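Q: The amino acid sequence is not available; the structure is as follows:
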């Protein structure tokens, strides 16, 4: 061994001058830590402030209902059974419209992503119809599909179809061409390349499109129900507003928010399951 | 099985990339293809494997592929081309599924190729968990699984650091020594070309033409220890390429 001194002996020999001081630390920050209790605490504080403001009269009951009014509205909803009547028709319209829109959107998006003829013919039409607010077409849908469920489901279907088409074909476009060439070089069948390489590769784009289309679906649900429906959360909110019952109005809005949260939680679960290969 | 390149020329739009290239790949031989960047090496390899068609000339196959070969012309890519959503095992089974090899038969093939590439412990790992060298080993295992007649390697070690590259070169030599395969090995690294090639085809700068074909007689397995004897040859190759490489470096990229 040319040098038999232990690492300890090597480092012990370094002489530290008297004026030596640590290098000032200037890193850190700009990254997020988990604060799991902060959100509920903030919510409770806001609720407390709201209740305090309402009971002292600082918040006028004309501008904002007291929390107890909102709770009262919820109690009425449950005891009269109105909650279920409204929620079930809304969820039915939302889910049927969204699922059909998403399924058709994925199918058409895949066609546009895979075939240049489909892209050349369908993409201009999709681009032209995408920015049209679908609620403007509701009168037309009422003529086509009737005043009942058909027109509302159709509004949601069309509203979610276009964003899904766009996110799907963008997802297909984003699939690494090198992977497709690999599939071809191993003699994989066309259907195998689509099923095992293109579809999983486009899945992150498709799922993030789901998040967008689901919130669009809720907006259209409420709009369609406000224009012409007897039951549903949108009709309930419209009714509450027209008789100036702010407690009921708030209860309706909270239900909508809950639907949105549950939806994005479910999509998050799907992402965890389907995209477990990502870090 | 023998592959013959017969007066191959190729142009993209108005850029001529290959001009009148003719050589052959013989059974059990590795041919290194070297040349400055942009000389059409990778294009040449894509044509040999049937992923691209030459503007003129032909790539011919003579005599049948050995029995049991599922995919006679098999690539190993520079960027590994592993599916990130499949495990090591799944990436190999991908290329077997279309040949109807599933279940126990597939597991047997997978175990065999993984042990030959020293990957048996990583069967269920995701590609993202593997280092570059391990990923390329998986790609080599995947190529072995379809029992290729000719391996088409497109800069397979270029994305790896130099230590990993040494390790993988040893592994390739070991694999070849155990069961000789034929291969076209495209690289810009002359040391790799000299270590792994029975013949070295030197291409000129764009449009790529054959400048020289060098035969090396020394057995592959001995080359690591006798590198000094190959040094003059490698230097000679560099002398031949230096000016062209410098000129190629100064060329503007064509979109």
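A: Cool, the structure landed. None of the values given here were measured: they were computed from a predicted structure.

Q: only C-alpha atoms for contact and neighbour calcs from this point on.
A: Noted.

Q: Show me which residues of chain A are close to chain B?
A: For chain A, the residues in contact with chain B under the definition C-alpha under 8 Å from any C-alpha of the partner chain are A:178-179, A:181-189, A:192, A:197, A:200, A:275-279.

Q: mind redoing it with 6 Å?
A: A:179, A:277 (C-alpha under 6 Å from any C-alpha of the partner chain).

Q: any idea of the pLDDT on the most centrally placed residue in chain A?
A: By C-alpha atoms, centre = their mean, the mean C-alpha position of chain A lies nearest to residue A:211, the distance being 3.0 Å. The confidence metric pLDDT takes the value 93 at residue A:211.

Q: and if you look at the one 4 residues further on?
A: pLDDT, the model's per-residue confidence, is 93 for residue A:215.

Q: these two touch, right, residue B:54 and residue B:12?
A: No. Applying C-alpha atoms under 6 Å as the test, residue B:54 and residue B:12 come out as separate, 9.9 Å apart.

Q: okay, those two: which has more neighbours?
A: A count of neighbours by other C-alpha atoms under 10 Å in any protein chain shown puts residue B:54 above the other of residue B:54 and residue B:12, at 20 against 10.

Q: Pull up the gap between the residue nearest to residue B:144 when sequence neighbours are not counted and residue B:105, please.
A: Once flanking residues are discounted, residue B:144 sits nearest to residue B:113: 6.4 Å by C-alpha to C-alpha, 6 or more residues apart in numbering or on different chains. Distance, residue B:113 to residue B:105, by C-alpha to C-alpha, to the nearest Å: 13 Å.

Q: More neighbours: which of those two?
A: More neighbours sit around residue B:113 than around the other of residue B:113 and residue B:105, counting by other C-alpha under 10 Å; the figures are 23 against 11.

Q: how near is the more buried one to residue B:120?
A: Using C-alpha to C-alpha, residue B:113 is found at 9 Å from residue B:120.

Q: Can you get me the centre-to-centre distance for the strand or helix carrying residue A:75 and its chain?
A: Take DSSP states H and E as the rule and residue A:75 turns out to sit in helix A:67-80. When C-alpha coordinates are averaged (C-alpha atoms, centre = their mean, to the nearest Å), helix A:67-80 and its chain have centres 28 Å apart.

Q: So for stretch A:256-268, what gets flagged as buried?
A: Within stretch A:256-268, the residues that qualify as buried are A:256, A:259-260, A:263-264, A:267, counting by 16 or more other C-alpha atoms under 10 Å in any protein chain shown.

Q: Pull the number of nearby residues for residue B:126.
A: Other residues close to residue B:126 by other C-alpha under 10 Å number 23.

Q: which residue packs closest to it, ignoring adjacent ones?
A: If you skip the residues right next to it in sequence, residue B:126 has residue B:87 as its closest partner in space, 4.5 Å away by C-alpha to C-alpha, 6+ apart.

Q: repeat for residue B:54
A: Distance criterion C-alpha to C-alpha, 6+ apart; nearest residue to residue B:54, sequence neighbours excluded, is residue B:10 at 5.2 Å.

Q: For the one you found, grab the count of nearby residues.
A: Close neighbours of residue B:10, defined as other C-alpha under 10 Å, add up to 23.

Q: now it, what's its secondary structure?
A: Classification of residue B:10 into helix, strand or coil gives strand, according to DSSP: H, G, I helix; E, B strand; the rest coil.

Q: Against chain A, how distant is it?
A: The spacing between residue B:10 and chain A, counted by C-alpha to the nearest C-alpha, to the nearest Å, is 20 Å.

Q: Need the pLDDT of that residue.
A: Value for residue B:10, per-residue pLDDT: 92.

Q: Do I have it right that it meets residue B:57?
A: No. Look at residue B:10 against residue B:57 with C-alpha under 6 Å: they stay out of range, at 8.6 Å.

Q: What separation do you get for the residue nearest to residue B:126 and residue A:65?
A: Counting by C-alpha to C-alpha, the gap from residue B:87 to residue A:65 is 56 Å.

Q: repeat for residue A:34
A: 34 Å.

Q: more crowded one of these two?
A: When residue A:34 and residue A:65 are compared for neighbours, residue A:65 comes out ahead with 20 against 6, by other C-alpha under 10 Å.

Q: Low-confidence regions, chain B specifically.
A: By pLDDT under 70, the low-scoring segments of chain B are B:253-255.

Q: For residue B:150, name its beta-bridge partners.
A: Under DSSP bridges, the beta-bridge partners of residue B:150 are residue B:73, residue B:182.

Q: count of residues packed around it?
A: Neighbours of residue B:150 (other C-alpha under 10 Å): 27.

Q: for the closest residue to residue A:123 other than its chain neighbours, phi and psi?
A: By the measure of C-alpha to C-alpha, 6+ apart, the closest residue to residue A:123 outside its immediate chain neighbours is residue A:112, 7.1 Å from it. Listed backbone geometry of residue A:112 is phi -60, psi -40, with angles given as degrees, to the nearest 10.

Q: again with residue B:60
A: For residue B:60, the backbone dihedrals (degrees, to the nearest 10) come out as phi -120, psi 150.

Q: I figured it was touching residue B:4, is that so?
A: Yes. Here residue B:60 reaches residue B:4: they are 5.0 Å apart, a contact under C-alpha under 6 Å.

Q: and these two? which has more neighbours close in?
A: Neighbours of residue B:60 and residue B:4, each counted by other C-alpha under 10 Å, are more numerous for residue B:4; the result is 16 against 12.

Q: Now do the buried residues in the helix or strand that that one is a member of.
A: Secondary-structure assignment from DSSP H and E places residue B:4 in strand B:2-12. Counting neighbours by 16+ other C-alpha under 10 Å, one finds that the buried residues in strand B:2-12 are B:2-10.
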